[in-house]
Every structure is written in C-alpha cells, then in structure tokens.
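Novice: let's see this in three dimensions:
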Amino acid sequence: MKIWNTPHLVFLSTIIFLLISSVLSNVRLRGVYRTGGDRTARCDAILKTGRYLDEPSFGPKQWQPDGCALHKYYQHSSGNPLNPCLLPGDEIIVLGDLSGRQIFDGLANTLEQKDSNEIQSQDRLTTVRSNITVTFLWSPYFNDSSISVIKDISEKGVESEYKKDAKSLVHPNDSTPPRTFLILAGGSLFAQNMGQEGVSMYSNNLNALFDIIRAAKPGAIEPAYFAPIVMPYYSLSPNLNDPASVGSMVSAVDDIFGYRRRSDVSRGSGGILFSTLDSSKPAIYYAPVIQNLGGENHPGHSDASTGMYLSSTARYIASNIFLNHMCNREVAPAHWGNEKEHGTESFSGTCCVEYTGGSGWIVIGGLLLVVVTVYVLFKIHRVNLAIKILPILVAILYVHVAERTPALSTQMLYFDARNMVIFIQIGIFLAFFYRKVDEPLILKNFALSETFISEFKGICVALLILIEFTGYDFQLKSFNGTICAELLKSSWLLLEVYQYTLQLAAKKEFLCGSVGKFIGLKILRLLVLPTLTALVLISPDRLNPQFYVEPLVIRLLFWHLFVTVALLITQILSTQLHFLQQQQQQVHRLGLAILALLGLLTYLFFLPKNQSGDYWLICASVAAAWSSQFANTIQSTTTSVSTSADTSISAGVTTIVSRRFALLGGTCLAMVFNAAYILVPVYIPELIGSQVNHSILECNGAAYSEAIRHRGEAYTPQIHFLLSSVFVISWVLLRAGLGPQTYLGSWILMLGSCAYEAVVLRMHIALTGAGTVALWVVPWGTGHVISGLLERALQKVSADAPYHLFEYPGRLWYETSQVVNGLVVFGIFGVIAYESSRMWREEEEFDEGKKKEKKVFGDKIEGLGV
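Specialist: Down below sits the predicted model:
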C-alpha cells in the first residue's frame, strides 16, 4: 500500500512552512527589538513601535505592536481589571509634565471609570481607584521637590512616609507587600522654553533621576518606565515648537538608554537601564513608542491648544501600552480558557505573556489517552495506524505552539468590513470551480443527501470562521456579528445531529456489533480532539477542564447521546413488544413519542432556559430524519428493493422543489433577517474618556458594565429559534429549487467533511488565545508606522516640508500582507483539520450506498491534491 500520497506531502509541507516561518519571525524580532533583561523580544517591541489598524483616520484607536496583540484593559468594566497584578495597597506614580498628567488620567480611568473633576491641577494629585492609589507628581524639569519623594521611596520602600496612605489600603489577609510602579514622562517644556540650550540640562537632570531609581533598594520600585518627549504638532505653535530642539532631546535620551535606531528611525534595539545593585535586573524601560502615537496624518491625537501633548484618545492608548508591559504576565494566566465561548470577559492579549508549562501529571494523562486511543483503533483496524494518528498529534502540538508559546506572531481582532469583503470575494471565486455529481440534493420523502449536508456544513463553518477571524463578532458596540455567529453554530449543530440520526436510523439490526462499533467511533471522534486539546492547554492555575472545552462541542456530544438513547429504546421496545414487530407505522409513531418524551423531560429538568433557542429546532430535525428514513425503509420494503442490513440513506427519486417555493424561501429569509437587523441589535459606544463634558458611561463604570451585560437581552431564545428555522428552511428551499444538480466548490465540500475538527480547532489554529486574537504566520511582521513629526525632529524630513495629512505610507503593503496571511492561515487550518479527520472518515464502515457517494464525491476531493 502506498503510504506517502499527495495529501500527506501537502500536510508535511505545511508543517515545514510553519517551522521555517516561526524561526524567521523570531530571528527578525530579536534582531530588531531585543533589549536584554527578562522579557522576550515580542514584549520589548510594544514599548518601541507598532501601527494603527483602523487607518485611514485622523484619530485612530486600534494600536497594534509589531508581533503581538495588546489587551484592551480600558474596555473591561467589572471590578479591578488588573487583578492579580495590581492589588489593594499598590500604587502607580506618574512623574513629569502635562504628558505625564495625561497618562495619569488614562491609568486612573482604566482602573475605574468615574468623574475625575475632583482632581485639581496641583503639584501632587492622588486618586484611589479599586483601592489602588494613582499619584501624579508635577515635575516638568525633573529637578524640583517631587524628586525627593522618589528618592525617599527608593531608599525606604514601603516604609517611606509617602507610602503611608497607599499602605493603609492593603487587605489584612494579604501577606504580599504593596508594590510601587513608576512612570516618568516629559520634556516638552525644555524644548519650548530653552531650545537647544535646554538639551544638556534635560540630559543631566534625567541622569541624576535615573541614578536614584537604579540604586533603589530591592522591592522598593518595580521596573520604572520613561516616556520621552511627545512629538509636537509643530504647525500649531511654530514659535514654541522647534523640530531641531526636539530632535536633539530625542537623540540625548537615546544615548542615555543606548537605544540604537535603525535607518527608518521608528524602531531599534536596546533601551533598558539596569539596577546598580543587580546588573541583571532591569530598573528603567525606555518607551519611544510614545513618539509614534501621533503623526502628521493623525492630527486627532494632538491637543488643540499648542499641539505639544496627546489628545484624550491617545492618552488611553499610551496608558494601555504601559499596563500591558506591567501586568500581562500576571493577569493572562488567570484568564486562560474559552471565556469568549463561556460568555465571560476574555483576555485578548499576547504581549508580555509568560507561558508556563502544564502539570506533569496532565501531560502523562494525555499521553495515556493517546495510547489507549491508538490501542482501540489498532484492535478495530490494523492498517497504517501510525500515519492515521499522526495528524491528530501534529494538530495538538500546533495548538500548544500557538496557544502556550510565543513562537508565532499575533494580531488583535479588529473588524474592518473591507477585509471581510475581500475574503468573501476570494471564497466566491474559488466556489466557481464547482463539480457536478449525479446524486440528487434531496432524496425521496424530503431526506437531505450526504453531499447536500456536507455542502451546507461547509458553508456554515466557512462563514463562522470568517466572522470570527475578521472580528465581526468581537465588537462590543454591535451585536450583529454575534447573532450571525450564533445562527451559523446552531445550523451546523442541527446538520450534524440530523446526519447522525439518518445514519443511525438506517441501521436495521440496531443491537448488532457493527452498530455498536459505529456508535463507538462517533463518540470517540467527539471526545479525542477536544480532550487532548484541553489537556494541552490546561494551566496549573486553572485545572477545571470546562474552561478549555467549547460548549458547542459538549452540546453536540449531548445530542449524539440523546439520539442514541432514543433510538435504542425504540429498537428494544419494538423487539420486545410482539404486537409491534410487524407494524412499521406503529414503530415509527413509537419512535416519535419517545423522542418527544425525552425531549420534554430534558427541557423541563436539565436545560437552562436561556440556552433553549435552538433546542426544539434540533429536536424537530431529529424527528424529521427519523421519519424520512423510516418512510424510505417502508417504501423500499414494499417495492422489494434489495438492501443490505446496514444501508445508509436510501438512494431514491429526487424530491422536486418548485422554484416558487425557492422564491418564497428567499423572500421570507430577506424579510425576517432585515426586520431582525433593524429591531434586535443594540449599539453600545466604545468607552474612550474625554476631558470635559463626561458622559454617564465615563463617570459611572457600573452603568457601562450593565449596558454590556444586557445588550443582548433583546435577542431572546424565541427570536433565535425563529431566525434559525427561517435560515435553515429557506436555504434548503433556495438551494434545492435554484440549483438541484450543481454543487459548490470542492473546498467547501472538503471543509464540510471535516466540519467537526474545524469547529474544535478554529479557536486555536485559525485564531488563538481561545479565539480572541488572530494568528500572523507569514515571516514578516504586522508592520510599524513612522511618524512624520519624528522624522522632522531627526531631520529625515525638512522642517518646512508640507504636511502629508492624507498620506498613509505602507498601508497598501499592510493590507496586502493581511490578505496573504489570512489565506495562509486558512490554508494551514484547512489542511490540519482535514488530515485530523481522515482517520475517522476512513475507519467508518461505508455501506453500498455510502461507498457509491464517496466514489463520486470523496475521490474527486482526493484528486485535488489537498
């Protein structure tokens, strides 16, 4: 038997590409951003450069570092979003000029949104949010009395008199000493008031302050941060802002930190000052990323008075960058799991996350499970067992690499309709390479054919992955993407249950060994991949496996058991009750009655009422599959058509669907969904603070939390049932009425054949972070912007050159890279999902009717070389 065929070679090539891409990506990041210390290159990169995803815009909001995704702390609104990094008694001190004051405002409102009008302009400002102290010290020249506060804390730590108020907030049962975080920011007044003469004073004052921090006693100050001078919008105040003076100050700070800029000036290596007491411990991190947040084409990020400071939107971006570097390594492990699917707040960042190995016992348990699985399959079938099990092990290894290592780059999810349109266009183009087969779409008694089911499942899964990959369902401000995703999940689940019911109901000798083997393989397929995935992902801090198994998988397992139990009871009763043995119609009614009884009991006693949207619809699909298959059996018996004991879906005449019904289905689909689009979704504005005229949501975090929690209440289980029913029925009518013999592209059929594996793996190898960020697997990074204001300061552009308000350099390259990366990610995902399902598809026993369908449909897919 030939072991290495075309699909195997494609699978091997995919793995080799991933390895090469990962190595090249990490070499590039280390070469460009590595600073030393205890952080990775991807973590160092967030303090240096990045790009905006929502360009073109005068005031973009979605900042993306090169190689990793930021977690949006300012979008969380329940409790303390920075627990366990910042605990009661901890303090963040911001020292500097107005640019530091803006970072202070951003930090305070991130911890807890409330009206900050009580904070007046003075030398020392303090506010307490969630029992965490945030302090601002006014020190525009870094040489006044505020420096004595830092010196005292550096020498005495928590025993300093300046820590008395913060220390009083420590929880009595907390044995961990309170921590002090320090952010230094400023320099604008040197350039404004002193020009070139202020550069040496700026450098000397900073060196004196840095020496104090570097000599701090252990535990007195966590690694500090220095945000250099913000690039002014020179044209607003040309008399105050001199590009040459600003550039000299930038170069002076670069020299202090040993920051080596590349030729494009926007990024570089180095940028850490180490402790004088421990040369391996970082004392101060340099954050030149502040210089790239504003630009000539981003005037919305500069204040309207002098253009020297950041606007309200940009200050939140700056604060969020610092918090990601401070806290991700501690906050992320506490939120690992499928929070997105479990309806709780998700951790959506990958920058500065410290990945820890799982428990040794968990790894051993996973290996034992693999051994048992291999043994079972070996007893069932002794052909190419290693080749069959290898793709599943590779898939699990890829899940581990994507979820629990920094080997691959990631990008935050941000919905851009342009990207979705491009991917839809590519999918439609590929769908034109269709194939025609002789099998009808709908068989007699309105049973759907296997090919139609595979096609429909492929469409549902493809659209679901597209919605999630483009972030359409990840928007807080809109509910449309979430509704579409839920409809597609319900439709896929219905089709899987319908298909299983058809296959199981076709088994004549239900209690024979071959049927038990069929059921065992189905259940084993449902358990192996999600169980191994959960064991790979499980964290010592969160040992509950439910956080790592998607609810959709659990629901599918429930429905398989539900159908199996119902049909088993029907078979046993029809065999034991003599008056039913020759009464096929009575057996059919008995089966429907048992389904109805089990369904009602489950609904009344076990099903949460807020999850009942598609319950009765799937019950109806089970009854429809049972009835259609039973009717086919009766007709086959009465017409003396010879069938084997294990016949699958009976091949029969096509059920003709009139085009009038197709038109009716399309009309109902359009009317119902347009009405739902207008009436159901709820709009929630993004929570970005403003300086004046605060909104209710900005002043009251509880109001925003309530708005987010209740935004989907208008979408009730009854509405979901209605929309799901209309979608499935209308699509069947449309598809069967308008194209009864034409099948969509082979890639859709292929995806339909491995739909279950695709659903399980999509959150980990199409997306990652449990579905909260997108993978970036091409070797080049997500890119960076170069502020035109910074180029003027460093004399890369003439000071009197015109401003380029409507130019966005590198935008076309980034958009092209994003599409290419998406296609590569989808390709790798499809190959791994398809190969992971191969073992189960080949191990299933195909009866004569199924073999015929596989010959027409499956072999053509194999011929594609996928």
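Novice: phi, psi for Val773 please.
Specialist: Reported as degrees, to the nearest 10, the phi and psi values for Val773 are phi -140, psi 160.
Novice: who are the contact partners of it?
Specialist: Listed by Cβ atoms under 8 Å, 6 or more residues apart in numbering, the contact set of Val773 reads Ala69, Ser348, Gly349, Thr350, Thr410, Gln411, Met412, Leu413, Leu767. (C-beta placed from N, C-alpha, C; glycine too.)
Novice: one more time with 7 Å, if that's ok
Specialist: Shown in contact with Val773 (Cβ atoms under 7 Å, 6 or more residues apart in numbering): Ala69, Ser348, Thr350, Thr410, Gln411, Met412, Leu413, Leu767.
Novice: Ser279 too?
Specialist: Going by Cβ under 7 Å, 6+ apart, Ser279 touches no other residue.
Novice: give me the phi and psi for it.
Specialist: Per degrees, to the nearest 10, the backbone of Ser279 is at phi -70, psi -10.
Novice: just to revisit the earlier point, ok, the contacts of Val773 vs Leu493, which is closest?
Specialist: For those, the closest approach to Leu493 (Cβ to Cβ) belongs to Leu767, at 19.6 Å.
Novice: and the gap between that closest one and Pro282?
Specialist: Counting by Cβ to Cβ, to the nearest Å, the separation of Leu767 from Pro282 is 32 Å.
Novice: and the two? Which one has more around it.
Specialist: Regarding Leu767 and Pro282, a neighbour count based on other Cβ atoms under 10 Å identifies Leu767 as having more, with 25 against 20.
Novice: doesn't Ala774 make contact with that one?
Specialist: Yes - when contacts are counted by Cβ atoms under 7 Å, Leu767 is listed as touching Ala774 (5.8 Å).
Novice: joint contacts of those two?
Specialist: Phe469.
Novice: thought Tyr548 was touching Leu537?
Specialist: Yes - counting by Cβ under 7 Å, Leu537 is a contact partner of Tyr548 at 4.8 Å.
Novice: what residues sit buried inside the strand or helix carrying Thr133?
Specialist: Using DSSP states H and E, Thr133 sits in strand 132-138. In terms of neighbour count (16 or more other Cβ atoms under 10 Å), strand 132-138 has its buried residues at Ile132, Thr133, Val134, Thr135, Phe136, Leu137, Trp138.
Novice: list the beta-bridge partners for the first one.
Specialist: Taking DSSP bridges as the rule, Ile132 bridges to Arg129.
Novice: toward the C-terminus, what is the element adjacent to the strand holding Thr133?
Specialist: Past strand 132-138, the next helix or strand by DSSP H and E is helix 146-156.
Novice: and the next helix or strand past that following helix?
Specialist: Counting by DSSP H and E, the next helix or strand C-terminal to helix 146-156 is helix 164-167.
Novice: next, the buried residues of the following helix or strand past that following helix.
Specialist: The helix or strand immediately downstream of helix 164-167 is strand 180-185, counting by DSSP H and E. By neighbour count with 16+ other Cβ under 10 Å, strand 180-185 contains the buried residues Thr180, Phe181, Leu182, Ile183, Leu184, Ala185.
Novice: as PDB, could you dump the C-alpha coordinates of strand 180-185?
Specialist: Presented in PDB, the C-alpha positions along strand 180-185 are these (Å, rounded to 0.1, in the frame of the first residue of the first chain):
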ATOM      1  CA  THR A 180       5.100  50.800  43.600                       C
ATOM      2  CA  PHE A 181       5.100  51.300  39.900                       C
ATOM      3  CA  LEU A 182       6.800  54.400  38.400                       C
ATOM      4  CA  ILE A 183       6.300  56.100  35.100                       C
ATOM      5  CA  LEU A 184       8.300  59.200  34.100                       C
ATOM      6  CA  ALA A 185       7.200  61.300  31.200                       C
END
